[in-house]
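here is a sequence together with a model predicted from it:
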Amino acid sequence: MKYLKIARFIGVAIIITGVVLLFTNPKAENNLMSGFKTPIIAFEFINSKEAVQQYFTVQNPEQYEQQMLLGNKIDYLFMCLYSSFIFCIAMFIKKSTSSKLMNIAILMSVLMLLGDALENSQIHQLIIKRNIDLNAINPIDNYALYGVHLSLLHIFTWIKWSAIACSFVVFATYFIKGNLFYKTIAMAGVSSFILGIAAFVNPGFSCELFSTNVLLVFVMLIVFTFTNNLKSEIA
């Protein structure tokens with residue numbers, strides 16, 4: 001049961017890092033795309049150069065940019081933590097039940113880490129190149145390349161979020177057999193997958209609901225690591 005014990009420590013680290021990010025990332029200043037309320041979520045799903053320009057139409061653009069860049073750096077630690085947490089939960093369930101389905105969740109933990117890292121690299125590029133001259137001759141500075149960054153951001157963002165949602169669905173096969181709390185985790189995990197589809201089809205407020213649902217599942221999984229007695233298995 002060492003994986004669940006490790007997950008406990010990682011869970012605490014996730015909470016601490018999450019709080020740091022909460023105070024590091026900038027706050028909304030009526031600058032987000034329609035339907036979005038959280039700046040970092042809005043930027044992950046941003047879809048045009050114009051939307052990026054609108055994003056930085058704030059009282060202090062330079063400070064906003066520095067907050068985004070700092071939060072982006074801290075997020076590299078955060079992604080290592082939450083993906084390792086998913087890996088440990090998957091390994092605990094696999095060891096407890098011999099479920100081969102958990103191999104999918106293990107694979108997803110790698111994909112979410114890779115997707116998030118590549119997503120952050122594109123976010124960095126989009127921020128530092130946001131003031132480029134669209135008419136510049138140098139191809140490294142032209143609009144077409146900026147559009148590539150936007151397209152790559154979209155791909156990597158959905159690799160990350162899809163991997164998280166898929167891992168939750170896999171976990172649901174374990175938790176659905178347990179008590180009311182476990183069943184709640186299972187249902188929340190499945191709803192994350194459903195909301196993820198809705199967010200992909202119709203970005204906006206559905207993305208906010210999706211991310212909130214994912215956060216809720218992580219919180220419940222962290223609670224699970226502390227309330228499980230390390231001995232019992234779900235029949």
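Looks like it arrived, so ask away.

what's the burial count for Tyr3?
17 (other CB atoms under 10 Å). From N, CA and C alone the C-beta is placed, and that goes for glycine too.

just the buried residues of the helix or strand it falls within, please?
If you go by DSSP states H and E, Tyr3 is part of helix 2-24. Judged by neighbour count (16 or more other CB atoms under 10 Å), helix 2-24 contains these buried residues: 3-4, 6-8, 10-11, 13-14, 17, 21, 24.

restricting to C-alpha, output whichever helix or strand comes after that helix in PDB.
Next helix or strand after helix 2-24 toward the C-terminus (DSSP H and E): helix 39-44. The C-alpha trace of helix 39-44 is given here as PDB (Å, rounded to 0.1, in the frame of the first residue of the first chain):
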ATOM      1  CA  PRO A  39      -7.800  33.800 -16.600                       C
ATOM      2  CA  ILE A  40      -5.500  30.800 -16.700                       C
ATOM      3  CA  ILE A  41      -8.400  28.500 -18.000                       C
ATOM      4  CA  ALA A  42      -9.300  31.100 -20.500                       C
ATOM      5  CA  PHE A  43      -5.800  31.300 -21.800                       C
ATOM      6  CA  GLU A  44      -5.500  27.600 -22.200                       C
END
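
name the helices or strands packed onto helix 39-44?
For helix 39-44, the elements it packs on are helix 49-55, helix 61-97, helix 102-128, helix 205-227, judged by 3 or more CB pairs under 8 Å, 6 or more residues apart in numbering; DSSP states H and E.

what mean pLDDT would you report for the first one?
Along helix 49-55, the predicted local confidence has a mean pLDDT of 90.

the longest one too?
For helix 61-97, the per-residue pLDDT values average out at 97.

in a markdown table: the buried residues of helix 2-24, plus distance to Lys94 and pLDDT.
As requested, the buried residues of helix 2-24 are exported to a markdown table (distance: CB to CB, whole Å; pLDDT from 0 to 100):
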| residue | distance to Lys94 | pLDDT |
| --- | --- | --- |
| Tyr3 | 9 | 94 |
| Leu4 | 12 | 93 |
| Ile6 | 14 | 96 |
| Ala7 | 13 | 97 |
| Arg8 | 18 | 96 |
| Ile10 | 17 | 98 |
| Gly11 | 18 | 97 |
| Ala13 | 22 | 98 |
| Ile14 | 21 | 98 |
| Thr17 | 26 | 98 |
| Leu21 | 30 | 97 |
| Thr24 | 35 | 97 |
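
need those residues in TSV with distance to Met108, can you?
Putting the buried residues of helix 2-24 into TSV (distance: CB to CB, whole Å) gives the following:
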residue	distance to Met108
Tyr3	16
Leu4	18
Ile6	18
Ala7	16
Arg8	21
Ile10	16
Gly11	18
Ala13	20
Ile14	17
Thr17	20
Leu21	22
Thr24	27
